[in-house]
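1. Need coordinates for the below:
(4 chains)
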There are 2 protein chains.
Amino acid sequence: MAKSPTGNVTRTDVAKVAGTSVAVVSYVINNGPRPVAEATRQRVLDAIKQTGYRPNAVARALASGSTKTYGLVVPNIGNPFVASMAHMLLQESLNHGHVMLLGDAGDDRKRELEIIQGLLNRQVDGLFYNSVDRHPYIDVIQASGTPLVMLDRIEPRPGVSMLRVNEREAARQVTAHLLSHGYQQVGMISGPLDMLNAQDRIQGWRDALAEKGLLADEAMIFPANYTRQGGYDAAQRMVASSCLPRALFTSNEGQAIGCIRALSEHGLRVPQDVALVCFNGTDQSAFHVPTLTTVRQPLRDMARSAIAMLKNWDGDAQLAEFPHHLEIGESCGCQLTQQQ
Amino acid sequence: MAKSPTGNVTRTDVAKVAGTSVAVVSYVINNGPRPVAEATRQRVLDAIKQTGYRPNAVARALASGSTKTYGLVVPNIGNPFVASMAHMLLQESLNHGHVMLLGDAGDDRKRELEIIQGLLNRQVDGLFYNSVDRHPYIDVIQASGTPLVMLDRIEPRPGVSMLRVNEREAARQVTAHLLSHGYQQVGMISGPLDMLNAQDRIQGWRDALAEKGLLADEAMIFPANYTRQGGYDAAQRMVASSCLPRALFTSNEGQAIGCIRALSEHGLRVPQDVALVCFNGTDQSAFHVPTLTTVRQPLRDMARSAIAMLKNWDGDAQLAEFPHHLEIGESCGCQLTQQQ
DNA sequence: CTGAAAGCGCTTACAG
DNA sequence: CTGAAAGCGCTTACAG
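-> This next block holds a predicted model:
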C-alpha cells in the first residue's frame, strides 16, 4: 500500500508493515543467509501479501552480483532448427530459475556484435552463442569474464566451452546409408564453405565414399546458405548444370525442403527420382511429404549440458560431444525399396 | 586496468584515470544531461579506452528506472509463426536500443505465470504477450504498472493495448476464395474452440457461406491445436468420419502441413483431391509442395507498431488493426484450374 | 563547465 | 534471532 518515490512497493515498506528491519525481510525472502523466528517470518509473509510486494531483481542483481539471467545469441530465430534449440535452452534455464535474453543477429555480423555488447552490459550470468559466421566475437566476451558456451563448432580455444555432435561421423554415416541403397554417387548441398561444420560434413561425405572405393567428386558439392532458399537455389544450379546426382545429402531441414521444392518444379520426385537425406531435422520432418530421413541432435540433452557448463563454470574450457541419431524417413527411399 | 572489488572496471576507475569526477564520466557516456568541455571529454574517452570500461546496465537501470529491456512471452518459440513474429520484434527492439527477455511458456499455463513474474521482477520496460490460452494473466501485469501489448486477440480491457488483424474478415475472404472455385462446402480446421480468434475465424467462415446462401454445417468444423500434429489428427478424424470436404480452411501453416501429410497417407492430393488454404503462413509457405495459399499478416509493420505502443505508453489502451493479405499459392487449386 | 553527495532497492558482513 | 549500516555502480539534482 505504501509507495516509494518510484511508485513501487519496496522492501522498506514491507519492513515497516511487519515491524522489522529490511534485513529480516531479505532473510525471509531468500530463506537465508540468517535464520528468522517463525513468528517474525509469518509477520513478514503477511506484510508481503498485504502490500503486494514484488522483489526488484535489478537491485538484487546489483547487490548480489548475479542477474539470474542468461544470454542467447543466434543468427536468426526464424530458422526452425535454431528455434528448437532455443526452445530447449529456454525450458532448461527456467528450470534453474534463470530467464533468457535472446539476441537475434538477423544474419548480420554487425548486429551480432551490437547484441553481444548489449547482453554483456546487462551482466548476464553466462552466454550461449551460435555465431553468424566463422568469426565469432569471442575476445570481447572473454574480456568481460562472462562464462561462454559455444553452440556451434569453432576452432578450439582456451577458456571456451563448446557443444557439438561429431558431424564428420554423422555425415559419414548418412552418406553411407545412401550408398547402401546402391548409388554410386552422392551429391552434397553443403553449408557455406568457410564454416567449420560444413568442412566437417564434407569430410564425412569423403570418408563414406572412400570406404566404398568411390570417387569424391568435388563438383558434386554445392555450397548454400542454411535456408530453404539456399537449398532451392542449389538444386536449381544442379539441374541447370546437369549435375544432378541420383542421391543427395543436404545440410539442414530447410535446405532439404527448398531442394525438394526446386526438384518438383522440374517434375522430379523424392525419393523416386532423387534419394535425399538431411542434417539437423526437427520434429517437423515427420510431417513432410515425403517424411525426411535425417540426422537428429539430442537437443534436450545438449541444452541440459550447456546449462550445466555455465553453472559449474570454473574458467576452464569444457567440450561436450553428443551422439547423433539417424532417423529413417521416406525421403531416402528405403521404405520405397522395401515395398518393391 | 584498475579493478573494483567485483573484478570489473567501474566508472570510478575511469574518473580516476581521467582526473575528473564520476559525474563527468556519466555526462560523457550519456551525452548529457550536462555539457562537458571538449578537452575533458577527450580525456574521459581516452580513459575509457585505456581501462576497457564497459558501463554496467544493471546499475544504470536501478538508478535511472529504465532497464532498456522488453519482455516477450510466447506459448512456444518452436512454432514457426511465433518465431517469425519474435524475429521481427527482436529486430525492431534492437533498433530502439532495447534487448529482449524471451519467455517460452512451453504451452503450459503454469510456466507462463512463472515467466511473467520473472520478467516483471526484472523490471522490463514493457511486455509483449501472446498467451497460451484464453485466460491471459493480465491482472498481475497491470498491477505492476508495466506497459503491456497483447499480441493476440482477447476481450477488450481498459489499459490493455492490442495488436490484431481483422480475423473475421480475413477468414471470410479466404473462404469466399475457395467458394469462388465452385465448391459448395468448405470444411474448417479451427483452433481450440475457446480461443477468441478461433471464434472470429469461424464467424468469417459462416459469413462467406451465408453470402452464397450455403449451409454452414457445424459438423464441418474440426477443432485442433495450432500445430502440425493438430492438423494431422484433425485430417485423420475427417477421413475416418467420412466427412472430408472437397475444400478445406486450416488455421495456420503447421495445421496445413500436418493435414496435407495425413491426406497423402490416404492417397489424397492437394489441390487435386482437396483444395486447401491456410491462415498465418510464413515465408516458408512458398517452398512447400504444393505452395500454400495463405493469409499473411504484415509482421514487420505489426512489430513496429507494437514497439511504438510501448514507447508512447500513457496508460491508455491502444488498438492497432492490420490488413491481412491473401497470397495465392498452388494449394487452393486456382493455378491448376487455369491450366485446365 | 565541474564536483560532492544523495539515492535507486537490494545483500550481507558486523554487532549485539 | 534481529538491527543499523556499508556497499553494489550508476544518475542527477544541487552547489559552485
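
2. Shouldn't A:Ile48 be within a strand?
-> No - under DSSP: H, G, I helix; E, B strand; the rest coil, A:Ile48 sits outside any strand and is assigned helix.

3. Quick check: which element contains the residue lying closest to A:Glu211 once chain neighbours are set aside?
-> With sequence-adjacent residues excluded and distances taken as Cβ to Cβ, 6 or more residues apart in numbering or on different chains, A:Glu211 is closest to A:Ala176, at 6.8 Å. Heads up, the C-betas are built off the backbone N, CA and C, glycines and all. Using DSSP states H and E, the element containing A:Ala176 is helix A:167-179.

4. and that helix, what other elements does it pack with?
-> Counting contacts by 3 or more Cβ pairs under 8 Å, 6 or more residues apart in numbering or on different chains; DSSP states H and E, helix A:167-179 is packed against helix A:196-211, strand A:247-250, strand A:275-279, strand A:293-296, strand A:325-327.

5. right, and A:Leu196 touches A:Pro156 too?
-> No - between A:Leu196 and A:Pro156 there is no contact under Cβ atoms under 8 Å: 10.5 Å.

6. of these two, who's got more company?
-> A:Leu196 (15 against 10; other Cβ atoms under 10 Å in any protein chain shown).

7. Check the gap between that one and A:Gly230 for me.
-> To A:Gly230, A:Leu196 is 18 Å away according to Cβ to Cβ, to the nearest Å.

8. Just give the closest residue to the residue most central in space within chain A, not the sequence neighbours.
-> For chain A, A:Met85 is the residue whose C-alpha lies nearest the centre (Cα atoms, centre = their mean; 3.7 Å). Distances taken as Cβ to Cβ, 6+ apart put A:Leu299 closest to A:Met85, at 5.7 Å, once the chain neighbours are dropped.

9. Might you report the residue contacts of that neighbour?
-> A:84-85, A:88 (Cβ atoms under 8 Å, 6 or more residues apart in numbering or on different chains).

10. Same check on A:Leu179?
-> Residues counted as contacts of A:Leu179 (Cβ under 8 Å, 6+ apart) are A:186, A:208-209, A:212, A:214, A:247.

11. repeat that with 6 Å
-> A:Lys212 (Cβ atoms under 6 Å, 6 or more residues apart in numbering or on different chains).

12. coming back round to it: which element, helix or strand, includes the residue nearest to the centre of chain A?
-> Going by DSSP H and E, A:Met85 is part of helix A:80-95.

13. and that helix with strand A:275-279, angle?
-> Orientation check (axes from the mean of the first three to the mean of the last three Cα atoms, to 10 degrees): helix A:80-95 against strand A:275-279 gives 30 degrees.

14. Next one: A:Leu326 from DNA strand D, what distance?
-> 50 Å (Cβ to the nearest atom of the strand, to the nearest Å).

15. pLDDT score for that residue?
-> Here, the pLDDT recorded for A:Leu326 equals 93.

16. just the one 10 residues further on next, same as before
-> The predicted local confidence for A:Leu336 comes out at a pLDDT of 61.

17. Also A:Pro33?
-> Listed pLDDT for A:Pro33 reads 80.

18. Can you verify A:Val149 is assigned to a strand?
-> Yes - under three-state DSSP, A:Val149 sits within a strand.

19. and it, how far is that from A:Lys311?
-> Taking Cβ to Cβ, one finds A:Val149 at 11 Å from A:Lys311.

20. Same check on A:Asp301?
-> Distance, A:Asp301 to A:Lys311, using Cβ to Cβ: 16 Å.
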